[in-house]
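[1] Here's a sequence, model it:
(one chain, ligands or ions: 2)
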Amino acid sequence: MERDTNASGTGGASTEIETDVVVIGAGPVGENVADRTVQGGLDTVIVEHELVGGECSYWACVPSKALLRPGAALRAARRVPGAAEAAGGHLDAARMLAHRDEEVADWNDDGQVAWVESAGIRLVRGHGRLDGPKRVIVTGPDGAETVIHARHAVAVATGSEPVIPPVPGLAEAHPWMSREATAVQEVPERLAIIGGGVVAVEAATWFADLGTRVTVIARHGLLERMEPFAGEAVARGLAGLGVDVRLNSQAVRVERRGDEVLLDLGDGDTLVADDVLVGTGRRPRTEGLGLDTAGLGSTGHGSAGHGSAGHGRLDVDDSMTVDTGDRIPWLYAVGDVNGRSLLTHEGKYQARAAGDTIAVRAEGRAVLDAGPWGAHVATADHRAVPQVVFGEPEVAAVGRTEAEARAAGMAVRVADYEIGHVAGAGLHAKGYEGRARLVVDDTKHVVVGATFVGQDVAELLHAATIAIVGEVPVHRLWHAVPAFPTMSEVWLRLLEELGRDTAASGGNA
Ligand SMILES: Cc1cc2nc3c(=O)[nH]c(=O)nc-3n(C[C@H](O)[C@H](O)[C@H](O)COP(=O)(O)OP(=O)(O)OC[C@H]3O[C@@H](n4cnc5c(N)ncnc54)[C@H](O)[C@@H]3O)c2cc1C
Ligand SMILES: NC(=O)c1ccc[n+]([C@@H]2O[C@H](COP(=O)([O-])OP(=O)(O)OC[C@H]3O[C@@H](n4cnc5c(N)ncnc54)[C@H](O)[C@@H]3O)[C@@H](O)[C@H]2O)c1
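    Ligands and ions are numbered 1, 2, ... in the order given. Down below sits the predicted model:
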């Protein structure tokens, strides 16, 4: 399969490789695409210009969760009489940072490289860009070029990058983005955070735990895409950690003066901080990828010619195929770069569908299992995306919110329950505070959304995901008996809130 030749055209500085599949980007998503194509019998090259393992492993999911866990564990212990007496000390910031360093392997990717090799994937280090259909040019760290010809497919899995909003002075103030926040070495005394989404909430939590005086500037509420009670609980929780949460607030001008940053909030108030962190969303990383050489528009969203690309996302179908206009599809966009769902687990799910689709097409076979919920499509992206925000308290949500379900025209029945009223929750933590909501499609009698807010709710989420994906009738859920005394008994209470009438099978076993 492998054919490496030295091309003399550029004075010996270029190498040519032929392979079946090229994956650009070795984040969690690219790694999974490559794993599936190798499993499908295809020779696969993965291209990476930074660390194998991607944003998630070194600057996102892993370091943030490593920094968040100590505070969560300490607070949990303090809510259990007997343990609380042993948990009176302070969080050790230096040890927290060291723990983070261990979890990111000191930003060394040897372990991930070893996995890539063990999976039979070929790694080429350098910056990859398309150079026409099925042709990728990689510029290595030494400037040498490798030209890779893919017999069957190219998968773009280049992830996303943070955006800086056009606030006067902000870009010039050298703001922190999520990388600086997750890789922090010297903990600032004062940190201002612009944004009210997931990055802002989680970073505010771990910096408060590290001892920083944090101010969150959110232009509306917190976690706006979730049920309103989630953001409200998190705002209270952050305030409890000493965070100054400014809702309906906005920085209108920012200026760095030496070691300080001044943020003008437009209401006469000026905030002074040592650093400012921006958490206002991310955009797909498609710049400089040579998508125009594949016949794709390069002016942003919307179709220009066939697929769309440029600074915007790469539009894909449910098997992550990009429409290049060619008779046989060859280009795929998977994970953050397609903008469908900026979450590692969802990207990996897409990767399994895309990798298997590439393998089937390479055999010249039709992709038969491409209907909803088939092996070659990522149907759940539209209906059942689970997400956990590891704040104080935790928020775990999947599927539609009540507002989204109503906006979609559904007849909706909603059940709310205070999780603290469940015996298992009271035993888990004294004075447990939290809330759960089920959103039920009252025509189909199935759960379409669920939200849990409170300590340790993350592990409650998967049951809801299964109920939604499996379209389990509510009357059958009454037979899924939660063990006593676990927090999962909240499911029983939620069903009771929906009404005992929902237990009637109507003859449909
Ligand atoms: C602070 C933070 C915390 C997060 N926490 C979570 C969490 O707890 N759970 C969760 O599910 N999600 C979380 N996310 C989201 C998650 O990080 C992303 O969804 C995930 O990393 C996407 O994976 P990916 O492989 O698509 O992209 P990435 O992880 O960004 O990987 C893309 C890779 O491609 C490489 N690359 C890019 N362009 C090129 C090129 N031209 N040539 C060669 N290589 C290239 C990059 O160097 C990178 O290694 C978090 C995000 C942030 C910012
Ligand atoms: N635990 C997790 O799953 C996790 C953790 C962190 C990040 N992520 C992922 O990373 C992605 C990026 O996170 P994020 O928090 O940056 O984005 P986000 O989309 O979650 O939140 C963006 C926030 O910025 C605000 N905003 C946008 N433009 C603004 C402006 N001009 N001025 C002021 N505020 C503005 C929005 O109102 C919103 O509150 C998310 O989509 C998320 O999926 C996931």
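[2] Report how many residues lie close to the residue of the stretch 301-450 of the chain found nearest ligand 2.
    In the stretch 301-450 of the chain, the residue that lies nearest ligand 2 is Leu342 (3.8 Å; CB to the nearest ligand atom). For the C-beta atoms, the positions are set from N, CA and C on the backbone; glycine is no exception. Using other CB atoms under 10 Å, Leu342 is surrounded by 20 other residues.
[3] Quick check, it in contact with Arg282.
    Yes: judged on CB atoms under 8 Å, Leu342 makes contact with Arg282 at a distance of 6.1 Å.
[4] Can you work out which residues contact both of these two?
    Counting by CB atoms under 8 Å, 6 or more residues apart in numbering, the common neighbours of Leu342 and Arg282 are Ser160, Asp336.
[5] Contacts only, for the spatially most central residue of the chain.
    Nearest to the mean C-alpha position of the chain, counting by CA atoms, centre = their mean, stands Leu343 at 2.1 Å. If a contact means CB under 8 Å, 6+ apart, then Leu343 has Val385, Gln387 as its contacts.
[6] And for the one 4 residues further on?
    Contacts here follow CB under 8 Å, 6+ apart; on that basis Gly347 touches Gly27, Pro28, Val29, Asn32, Ala157, Val334, Gly335, Asp336, Ser341.
[7] Assign a three-state SS to it, would you?
    Put simply, Gly347 is helix when judged by DSSP: H, G, I helix; E, B strand; the rest coil.
[8] got TSV for the contacts of Gly347, with secondary structure too?
    Formatted as TSV, those follow (three-state DSSP):
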residue	secondary structure
Gly27	coil
Pro28	helix
Val29	helix
Asn32	helix
Ala157	coil
Val334	coil
Gly335	helix
Asp336	helix
Ser341	coil
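[9] how close does Leu262 get to Lys444?
    According to CB to CB, to the nearest Å, Leu262 stands 54 Å off from Lys444.
[10] What residues does the stretch 1-150 of the chain have near ligand 1?
    Residues of the stretch 1-150 of the chain found near ligand 1 (CB under 6 Å from any ligand atom) are 24-30, 47-50, 54-56, 60-61, 64-65, 127-128.
[11] hmm, 5 Å instead?
    Proximity of the stretch 1-150 of the chain to ligand 1, by CB under 5 Å from any ligand atom, involves residues 25, 27-29, 47-50, 54-56, 60-61, 64, 127-128.
[12] Go through those residues and flag which are in strands.
    Counting by DSSP state E, the part of these found in strands is Val47, Glu48, His127, Gly128.
[13] who touches the closest residue to the second one other than its chain neighbours in this structure?
    Setting aside the residues directly before and after it, Glu48 is nearest to Ala26 in space (CB to CB, 6 or more residues apart in numbering), at 3.7 Å. With contacts defined as CB under 8 Å, 6+ apart, the neighbours of Ala26 are Ala34, Ile46, Val47, Glu48, Val52, Gly53, Gly54, Gln112, Val116, Leu123, Ala157.
[14] hang on, the earlier thing: look up the closest residue to the residue of the stretch 301-450 of the chain closest to ligand 2, ignoring the ones flanking it.
    Once flanking residues are discounted, Leu342 sits nearest to Asp336: 5.0 Å by CB to CB, 6+ apart.
[15] Spit out the contact partners of the residue in the stretch 401-509 of the chain positioned nearest to ligand 1.
    Of all residues in the stretch 401-509 of the chain, the one sitting closest to ligand 1 is Ala458 (10.1 Å; CB to the nearest ligand atom). Residues in contact with Ala458 (CB under 8 Å, 6+ apart) are Val388, Phe390, Glu394, Ala396.
[16] Looking at neighbours, which among those residues is most surrounded?
    Result: Ala396 is most packed of those (other CB under 10 Å), 27 neighbours.
[17] so it makes contact with Gly449?
    No: using CB under 8 Å, Ala396 is not in contact with Gly449, being 11.9 Å away.
[18] rewinding a little: and the residue of the stretch 301-450 of the chain closest to ligand 2, what are its phi and psi?
    When read as degrees, to the nearest 10, the backbone of Leu342 gives phi -90, psi 70.
[19] Contact partners for it?
    Counted by CB under 8 Å, 6+ apart, Leu342 has contacts Ser160, Arg282, Asp336.
[20] Which one of those residues sits in the busiest neighbourhood?
    The residue in the contacts of Leu342 with the most neighbours, by other CB under 10 Å, is Asp336 (31 neighbours).
[21] Show me what residue of the stretch 151-300 of the chain gets nearest to ligand 2.
    Ligand 2 sits closest to Gly197 of the stretch 151-300 of the chain, with a gap of 1.9 Å, by CB to the nearest ligand atom.
[22] State the distance from the nearest residue to that residue once chain neighbours are set aside to Pro175.
    Spatially, and ignoring its direct neighbours in sequence, Gly197 is nearest to Gly279 (6.0 Å; CB to CB, 6+ apart). Distance of Gly279 to Pro175, computed by CB to CB: 10 Å.
[23] list residues touching both of these two?
    Counting by CB under 8 Å, 6+ apart, the residues touching both Gly279 and Pro175 are Ile194.
[24] how would you label the residue lying closest to Glu433 once chain neighbours are set aside: helix, strand or coil?
    Spatial nearest neighbour of Glu433, excluding adjacent residues (CB to CB, 6+ apart): Gly420 at 5.6 Å. Here Gly420 is helix, with the state taken from three-state DSSP.
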